[in-house]
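> sequence first, then the predicted structure, then my questions.
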Number of protein chains: 4
Amino acid sequence: MAGSSFGELFRFTTWGESHGPAIGCVVDGVPSRLPLDSPDIQRWLDRRKPGQSKFTTQRQEPDTVEILSGVFEGQTTGTPIQLLIRNQDQRSKDYGDIKDKFRPGHADFTYEMKYGIRDYRGGGRSSARETASRVAAGAIARKVLGSAVSIRGYMVQMGKDHVENALHDDAEIDRNPFFCPDAKAAARWGDLLNGVRKAGSSVGAVIEVVARGVPAGLGEPIYDKLDADLAKAMMSINAVKAVEIGAGLEAAGFSGEENADEMRMEAGQPVFTSNHAGGILGGISTGQDIVVRFAVKPTSSILTPRHTVDRFGAESEILTKGRHDPCVGIRAVPVGEAMMAVVLADHLLRHRGIYGGAMP
Amino acid sequence: MAGSSFGELFRFTTWGESHGPAIGCVVDGVPSRLPLDSPDIQRWLDRRKPGQSKFTTQRQEPDTVEILSGVFEGQTTGTPIQLLIRNQDQRSKDYGDIKDKFRPGHADFTYEMKYGIRDYRGGGRSSARETASRVAAGAIARKVLGSAVSIRGYMVQMGKDHVENALHDDAEIDRNPFFCPDAKAAARWGDLLNGVRKAGSSVGAVIEVVARGVPAGLGEPIYDKLDADLAKAMMSINAVKAVEIGAGLEAAGFSGEENADEMRMEAGQPVFTSNHAGGILGGISTGQDIVVRFAVKPTSSILTPRHTVDRFGAESEILTKGRHDPCVGIRAVPVGEAMMAVVLADHLLRHRGIYGGAMP
Amino acid sequence: MAGSSFGELFRFTTWGESHGPAIGCVVDGVPSRLPLDSPDIQRWLDRRKPGQSKFTTQRQEPDTVEILSGVFEGQTTGTPIQLLIRNQDQRSKDYGDIKDKFRPGHADFTYEMKYGIRDYRGGGRSSARETASRVAAGAIARKVLGSAVSIRGYMVQMGKDHVENALHDDAEIDRNPFFCPDAKAAARWGDLLNGVRKAGSSVGAVIEVVARGVPAGLGEPIYDKLDADLAKAMMSINAVKAVEIGAGLEAAGFSGEENADEMRMEAGQPVFTSNHAGGILGGISTGQDIVVRFAVKPTSSILTPRHTVDRFGAESEILTKGRHDPCVGIRAVPVGEAMMAVVLADHLLRHRGIYGGAMP
Amino acid sequence: MAGSSFGELFRFTTWGESHGPAIGCVVDGVPSRLPLDSPDIQRWLDRRKPGQSKFTTQRQEPDTVEILSGVFEGQTTGTPIQLLIRNQDQRSKDYGDIKDKFRPGHADFTYEMKYGIRDYRGGGRSSARETASRVAAGAIARKVLGSAVSIRGYMVQMGKDHVENALHDDAEIDRNPFFCPDAKAAARWGDLLNGVRKAGSSVGAVIEVVARGVPAGLGEPIYDKLDADLAKAMMSINAVKAVEIGAGLEAAGFSGEENADEMRMEAGQPVFTSNHAGGILGGISTGQDIVVRFAVKPTSSILTPRHTVDRFGAESEILTKGRHDPCVGIRAVPVGEAMMAVVLADHLLRHRGIYGGAMP
């Protein structure tokens, strides 16, 4: 209720600050007897961890996860799973500047207004470092979903430059440092981001996450619609400013004839001939791919000085030196996948609670 | 938890089907001693009710609200407030066609998959008729927020046609049947929608909702961020496919320098020189205007036949005769305002619970 | 969250005041395709309704329930079920005395302190009239549990007079106005209560509720233990001051040897040779009978004047004329059964959500 | 929702098994700027920790708490507080017997039925070791309540032997190993428990917890009544079988005249002349002392062999050697205090959320 938890039946709660001793999360509502060991979680954390290319922050964090509870002899026991990630690279630098000044675009001002105190070291609780815990929880959610459901995220826009849908190739996604499914776009983005990085600037991005194999029927009308919970999940990721389902904003410009996904029978099953709905109708999954996109604003940490004020009411300037991601959208890709996984796992359990059904 | 409730401290639960005897909601967590009488709610319902122009459905519903509990001698008592709206105009028509066929773009198929049964009359629970209850709950939320907070929604795009920001005039919003703040756009939209209506087609829209006077500090990191809850609130409205906060999708194309809202002092108070953030940083209100936009897909009820299947697995065609809104976006405006109000009221109470503070 | 809701997956919210136009509840999380019609609910309401013997209040309320939503063609649809009960017998008497004076033992003082306003007519929201809504929700919960689970409540103590366990006969329960399973005790209680009633006094009671056929495995450690949720459920009933599970308070005086329920095999199944645990170990059902008892204080409405104060800080005396139950414990029996049913239904759905399984 | 969390606005979630690497909890919803350091928590943990007298288990656990988040420069920041307690004395013994056999009175059978797997080492998650996390969370709750509220628990019955109320002396509570307020009873209990311990047996107890200085108005009707939440809180403690508020079970034997707490004015304030209500009317605090009692069953770990069955369906016998508490009621005293604190803190925040008010 104070906001650090997500989910109803499958529910996790994260804790920890950027420069505290550790971060982590406790995941409750995990079915028992699922095989789980730390490498099952580590493999997803490794995709998000910093310092993997010159295009992400140079902070060195191995993000090694420890399972402290809820797993016995390699299987979940049904009791809460506590995951712990030690912070390693809390650089002992002088925080004098950000201690008292509010960095534009960051949460410094609002945390000060809400709490009257803030752990300013590296942004404290508002740092995107918290998203490592989401990825860890997402790894467990994937276990709950089982192998029939696959979730894939990728970047479809960096700055103003879009991928070309015709060039989309899933196999390409892991071949470049941008999770870009279009090899040509990836090449352009390398140049673009080099320039941005050298200028001490930053750039935004759009991420698309697709879930395949989701059964029809997940999602609870009216308020806990599957798309409503996905919108909340994605908007809760640091720096996200927009969320779209299926055709998204473009749907506003469609006519009713263009928008409606028609149906026909195929091999005895009803199928859709298009997917403008993004796999969700009336808040409930259709069995088609679930398609979500979200827009990430450019990193607010830049080298150009910006006007600001400080805690004492004086006008000032600030620029953010040191380690940062020139495009936080890159590392938001595995985070978006994790949030998709936790929403689906929660809704799978919720649906099964009310309507029954076997384990996946 | 089954999805018909919204909010934590200020929480409402809606019930009722399009063609059942009544719809309504129960609102719990309302502070006591707020002046409240049915006209306080009726005035907002009247803005949403159908049949006010030729551009909305011709179903005749006075949407008269009855307060059944929680109010005593014109004041709230702190106990749950039950609001009841009788359905009047359930046309006794033949539902044969939609009883067994799944209307493309509607929730017929997914309700069938989830529940194995559905009240097909007028869409049952999935009908946008449910949104009257949201507007009623929103009226109470406005009382909680007090007069210092004002909430205003308006349409900024119909089909592919945008308003011009330079022509925005709040006073214009209630002068046309589209809640359009740009008189010239309103004129164009009248022509556009006449054509759409006569063709038995439909068109989408984009709505913007702005809240002024919201104090800094509302919103709970990390998952119950103010923007995350607004995204969920708006995405839960029927037919919504995208939600943006502040600069929204456009932020993806900004550089860090362009995006950051700088600060300076004015009359001894910190102020921002722009509002790309939409009044929210790190999930917490900044004190600036809260700015949310959402995209509404075109009504799926159209006169052109579409391919579909039926419950028995046979391919078929369907067209939707009878009463419908050619642009559901119009009546979504007061609904979006209501959802803004309930999110803010809930977060006001939540913040006050943890940090104290006087009534507004 | 404001306290008028109960349950997680199977959740109901009640509303309404003793002398308002109506009371009722909305029940969400009900599985679809359960046969349900108003007589299924009415039969349980009829057991609780007043005026059935000279030993309960003479207020005449038929407690006729109307189903306003969530049921279609005699089956639940999975959407929220609104139940409405009109208040009929709001006697137009002078409330002058209780308007300003706090009745000892009643909630007048605390509602005044909490809310600064109260609907004093008949106790308003704090009246046990609210429990009719619980019984209605319990009727739906029984449908969720199915016929394999049976729930039976009865009175085991009136005033200081206990039933004799050796004389317990289930068939006797409905043959006397006290839900008493011991015919001899029932005879004694008739005399006792006649005297109490004529003296304008009142008397307390102890109720036992037993659920048979509950499968092993329901209940969530650590905080949402089945017994913890039952304790909350029963303690939330008006006038309840104590809750026991199984051996209850007596267990404090047992030795470890006496207390432990031993196990053996019977027809290939593990069985217990005693049930001091009341069917719950570690917060989880064992498959044995679930046994709960609760103590009800004597009605606070009595004819003997008591010292009190009024809203203006003046000392005063008050006596409560008019209609009341000399032993509220009687009508608490069906309420206790209903609360058992809703707790079990909720935990059945919760368990099934996380671990799967067929419908009952 | 899976049951490891407690509270709404002030909410904590515990995790960890008896013989895992660590246990702990995350506490969310803690107001910012409360002074907090580990000794503030340690002092309460020290009252519960084992091995402090010959009357509690000889397991050696220093129960040293580490604060991993949510505190900065000695003050709470408003973000979640993760508390970690390393398990030290996991004796590397042979668990063969309890691995497959269900210990009567323990949760072995029910965990097996629910989860199909269990961490049998020391009882795993069902061990009362979890209650250390409750005490830690309770320490933070006391900070939220402030110094005006004091909470005191003590044992009023061991086995069948009661304290004498006339001999109650608060100062005595910490002078004996039983938290006993009656010096004579404490002396008797020493003899009693010596005998029990030497016989390898165990004995139950009754604990009373009193909160002084609680303001009137806390508690939410109808289901989240203060007494209902206290009942749940206490019943959720391991081995508890009954909960009473105020006069409790005895109230069933009272007449209405005896039961009602009369009021008069004193120094301009309304006061009560008795407290049978235990400080709660209609689920809301009256301003009087909040009085709760709970009964603890005797430890199920005893040296006398008991009949049982094993996982493979064979009948068997079991006795529990090794370390155990002959009267778990002793160490339940600080746990009961902690649960009182968390319930009050949560309701303080909830009340303030809806009705406003300053920090305590």
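Structure received. Numbering: from 1, shown residues only, chains lettered A, B, ... in the order given.
> sec struct for the residue of the stretch 151-300 of chain A found nearest chain C, please.
Nearest residue of the stretch 151-300 of chain A to chain C: A:Pro221, at 7.3 Å (C-beta to the nearest C-beta). All C-beta atoms are positioned from the backbone trio N, CA, C, and that covers glycine. Put simply, A:Pro221 is coil when judged by DSSP: H, G, I helix; E, B strand; the rest coil.
> for it, give me its contacts.
Going by C-beta atoms under 8 Å, 6 or more residues apart in numbering or on different chains, A:Pro221 touches A:282-284, B:3-4, B:107, B:125-126, C:79.
> make it 7 Å
By C-beta atoms under 7 Å, 6 or more residues apart in numbering or on different chains, the contact list for A:Pro221 reads A:282-284, B:3, B:125-126.
> state the distance from it to A:Arg86.
Per C-beta to C-beta, to the nearest Å, A:Pro221 is found 43 Å from A:Arg86.
> quick check: residues of the stretch 1-150 of chain A near chain B?
Neighbours of chain B within the stretch 1-150 of chain A, by C-beta under 7 Å from any C-beta of the partner chain: A:1-6, A:8, A:14, A:102, A:104-107, A:109-111, A:113-114, A:125-126, A:130.
> now, which of these lie within strands?
A:5-6, A:14 (DSSP state E).
> which among the residues you listed gets closest to D:Asp325?
A:Ser5 (33.3 Å; C-beta to C-beta).
> show me where chain A has its helices.
Secondary structure of chain A by DSSP state H: the helices cover A:38-48, A:96-100, A:108-115, A:131-145, A:183-198, A:226-235, A:256-259, A:329-355.
> and these, which is most packed in?
Mean neighbours per residue, mean count of other C-beta atoms under 10 Å in any protein chain shown, is largest over the helices of chain A for helix A:226-235, with a mean of 30.
> how far does that one sit from the chain's center?
Relative to its parent chain, helix A:226-235 has a centroid offset of 11 Å by C-alpha atoms, centre = their mean, to the nearest Å.
> ok, stretch A:69-83 next?
Computed by C-alpha atoms, centre = their mean, the separation of stretch A:69-83 from the middle of its chain amounts to 24 Å.
> what residues sit buried inside that stretch?
Across stretch A:69-83, burial judged by 16 or more other C-beta atoms under 10 Å in any protein chain shown covers A:69-72, A:75-83.
> that one spans what distance, first to last residue?
Using C-alpha to C-alpha, to the nearest Å, one end of stretch A:69-83 lies 8 Å from the other.
> by mean pLDDT, point me to the weakest helix or strand of chain A.
helix A:96-100 (a mean of 84; mean pLDDT, DSSP states H and E).
> hang on, isn't A:Met265 packed against B:Glu315?
Yes. Contact criterion C-beta atoms under 7 Å: A:Met265 and B:Glu315 qualify, at 5.4 Å.
> okay, and the common contacts of the two?
Jointly contacting A:Met265 and B:Glu315 under the rule C-beta under 7 Å, 6+ apart are B:Val309.
> can I have the buried ones of the residues of the stretch 1-150 of chain A next to chain B as a PyMOL selection?
Applying 16+ other C-beta under 10 Å to those leaves a buried subset, and the PyMOL line that selects it is:
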select buried, chain A and resi 1+2+3+4+5+6+8+14+102+104+105+106+107+109+110+111+113+114+125+126+130
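> contacting residues around the residue lying closest to A:His106 once chain neighbours are set aside?
Spatial nearest neighbour of A:His106, excluding adjacent residues (C-beta to C-beta, 6 or more residues apart in numbering or on different chains): A:Ser300 at 5.1 Å. A:Ser300 sits next to A:103-106, B:256, B:260 when contact means C-beta under 7 Å, 6+ apart.
> buried residues in stretch A:256-273?
Of the residues in stretch A:256-273, A:256-263, A:270, A:272 count as buried by neighbour count, 16+ other C-beta under 10 Å.
> so where's chain A uncertain?
A:1, A:91-94, A:322-323, A:358-360 (pLDDT under 70).
> swap the cut-off to 80 and go again
Within chain A, the stretches with pLDDT under 80 are A:1, A:50-52, A:57-59, A:89-96, A:320-324, A:357-360.
> returning to what we had before: make TSV out of the buried residues of stretch A:256-273 and add distance to C:Leu193.
Supplementary listing: the buried residues of stretch A:256-273 in TSV, determined by distance: C-beta to C-beta, whole Å:
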residue	distance to C:Leu193
A:Gly256	69
A:Glu257	73
A:Glu258	74
A:Asn259	69
A:Ala260	68
A:Asp261	68
A:Glu262	70
A:Met263	66
A:Pro270	64
A:Phe272	67
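> ok, A:Phe12 to A:Arg121 distance?
For A:Phe12, the distance to A:Arg121 - C-beta to C-beta - is 24 Å.
> those two - which one has more neighbours?
More crowded of A:Phe12 and A:Arg121, by other C-beta atoms under 10 Å in any protein chain shown: A:Phe12, with 29 against 19.
> bridging residues for that one?
A:Phe6, A:Val27 (DSSP bridges).
> ok, it - contacts?
Taking C-beta under 7 Å, 6+ apart as the contact definition, A:Phe12 lies against A:5-6, A:25-27, A:137, A:342.
> run the last query once more with 6 Å
A:6, A:25, A:27, A:137 (C-beta atoms under 6 Å, 6 or more residues apart in numbering or on different chains).
> also A:Gly219?
Residues near A:Gly219 by C-beta under 6 Å, 6+ apart: A:225-226, A:283-285, A:347.
> want to throw these into a markdown table with distance to A:Glu61?
What follows is those, written out as a markdown table (distance: C-beta to C-beta, whole Å):
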| residue | distance to A:Glu61 |
| --- | --- |
| A:Lys225 | 36 |
| A:Leu226 | 33 |
| A:Gly283 | 38 |
| A:Ile284 | 39 |
| A:Ser285 | 35 |
| A:His347 | 32 |
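> from those residues, which are also near chain B?
Applying C-beta under 6 Å from any C-beta of the partner chain to the contacts of A:Gly219, one finds that A:225, A:284 fall near chain B.
> of all the contacts of A:Gly219, which comes closest to chain B?
A:Ile284 (3.6 Å).
> what about that closest one, neighbour count?
With other C-beta under 10 Å as criterion, A:Ile284 counts 27.
> that one reaches B:Lys114, doesn't it?
Yes. With contact defined as C-beta atoms under 6 Å, A:Ile284 reaches B:Lys114; the gap is 5.3 Å.
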